[in-house]
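Undergrad: From the sequence below, what's the structure:
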Amino acid sequence: PLGTKARVTNLQNGNTVEVQINDRGPFIAGRVIDLSRAAAGVLGFVESGTTRVRLELLDDSTEMSASR
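TA: As a prediction, this is how the structure comes out:
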């Protein structure tokens, strides 16, 4: 649902970012989530455009943060 918080981990390098779901995408078959350029930068895949990720839904009480 909109407003859901999620932790996204790049499976290639282990970088993690926490995001809030704010739209209904993605609209391309085979994709699980579209991320902002900033989130892709933290995860380290801006240049390639796509990467394999792990997506974990977070409890509402979990504080959002970004880590490398």
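
Undergrad: Name the residues linked to the spatially most central residue of the chain by a beta bridge.
TA: For the chain, Val8 is the residue whose C-alpha lies nearest the centre (C-alpha atoms, centre = their mean; 3.9 Å). Bridge pairing for Val8 (DSSP bridges) gives the partners Val17, Leu55.

Undergrad: tell me the contacts of it?
TA: Counting by C-beta atoms under 8 Å, 6 or more residues apart in numbering, Val8 makes contact with Thr16, Val17, Glu18, Val19, Ile33, Leu35, Ala39, Leu43, Val53, Arg54, Leu55, Glu56. All C-beta atoms are positioned from the backbone trio N, CA, C, and that covers glycine.

Undergrad: Which residue in those residues has the weakest pLDDT?
TA: When the contacts of Val8 are compared on pLDDT, Ile33 comes out lowest, with 92.

Undergrad: if I look at it, how far off is Val8?
TA: 7 Å (C-beta to C-beta, to the nearest Å).

Undergrad: Now do the shared contacts for the two.
TA: Joint contacts of Ile33 and Val8 (C-beta under 8 Å, 6+ apart) are Val53, Leu55.

Undergrad: Tell me where the protein has strands.
TA: Using DSSP state E, the strands found in the chain span residues 5-10, 16-20, 53-57, 66-67.
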